[in-house]
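Asker: The following comprises the amino acid sequence and a computationally predicted model.
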Amino acid sequence: MGARAEAIAKKFEAKVDEAAAVIERLSDADWKKVTAAEQWPVGVTAHHIAVAHEVIAGIVKTLADGKPGPNLPMDALHQMNAKHAQDHAACTKSETLALHKKTAAAAAVMVRGLSDAELDRSGVVIQGQPAMTAEQLAGGLLPGHVDEHLGSIKATVGA
């Protein structure tokens, strides 16, 4: 573990802790409100955050291992997100919180284990976008994804 990986993990964990605190305070009524940004119920948006830790961390690890990025078409990403929203429309707060904590902890451990050389490796994540380094993905997208969707949840419930 290097200093860069530790700093990235700590930044991510701060966002994870903030999200957990917000999710824990959501009422049953809040859980069902629909967000303006995603057009999903708050609970589905929270579940999306929890699932994405593992997905994004997996892509970080792929790049860090020197393998090509997924080069995912944006339409495919939107379709996967829509399917997730549909499949998890009935998710509960307790299961979502447990998943959030589990996947975030695993992602942070993985990030902490990366060397500087691994953080510098890159690949194309989204088709048509420039290549990203594992560090950019881990330090930007991993906490940024939490921040983006948490902001939507907060705006929806007035937190």
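Answerer: Noted; the coordinates are in hand.
Asker: Could you report the separation of the residue lying farthest from the centre of the chain from Val42?
Answerer: Most distant residue from the mean C-alpha position of the chain: Ala29, 24.1 Å away (CA atoms, centre = their mean). Ala29 is 10 Å from Val42, where distance means CB to CB, to the nearest Å. In short, each C-beta sits where N, CA and C put it, glycine included.
Asker: phi, psi of Gly128?
Answerer: phi 90, psi -10 (degrees, to the nearest 10).
Asker: and if you look at Met132?
Answerer: Torsion angles at Met132 (phi, psi; degrees, to the nearest 10) stand at phi -120, psi 150.
Asker: Quick check: closest non-adjacent residue to it.
Answerer: Excluding its sequence neighbours, the residue lying closest to Met132 (CB to CB, 6 or more residues apart in numbering) is Val125, at 5.4 Å.
Asker: thought the one you found was touching Ala134?
Answerer: No - using CB atoms under 8 Å, Val125 makes no contact with Ala134, being 10.2 Å away.
Asker: Show me where the protein has its strands.
Answerer: All strands of the chain, identified by DSSP state E, fall at 122-123, 132-133.
Asker: Redo those as JSON lines? Include mean pLDDT, mean neighbour count and distance to Ala155.
Answerer: Converted to JSON lines, the strands of the chain look like this (pLDDT from 0 to 100; neighbours: other CB atoms under 10 Å; distance: least, CB to CB, whole Å):
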{"stretch": "strand 122-123", "mean pLDDT": "96", "mean neighbour count": "20", "distance to Ala155": "33"}
{"stretch": "strand 132-133", "mean pLDDT": "96", "mean neighbour count": "19", "distance to Ala155": "27"}
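Asker: And these: which comes nearest Thr62?
Answerer: strand 122-123 (7.2 Å; CB to CB).
Asker: what lines up beside the closest one in the sheet?
Answerer: For strand 122-123, the pairing partners within the sheet under DSSP bridges are strand 132-133 (antiparallel).
Asker: follow-up on the earlier one: now do the shared contacts for Ala29 and Val42.
Answerer: Counting by CB atoms under 8 Å, 6 or more residues apart in numbering, Ala29 and Val42 have no contacts in common.
Asker: In the protein, where is pLDDT below threshold?
Answerer: Within the chain, the segments meeting pLDDT under 70 span 1.
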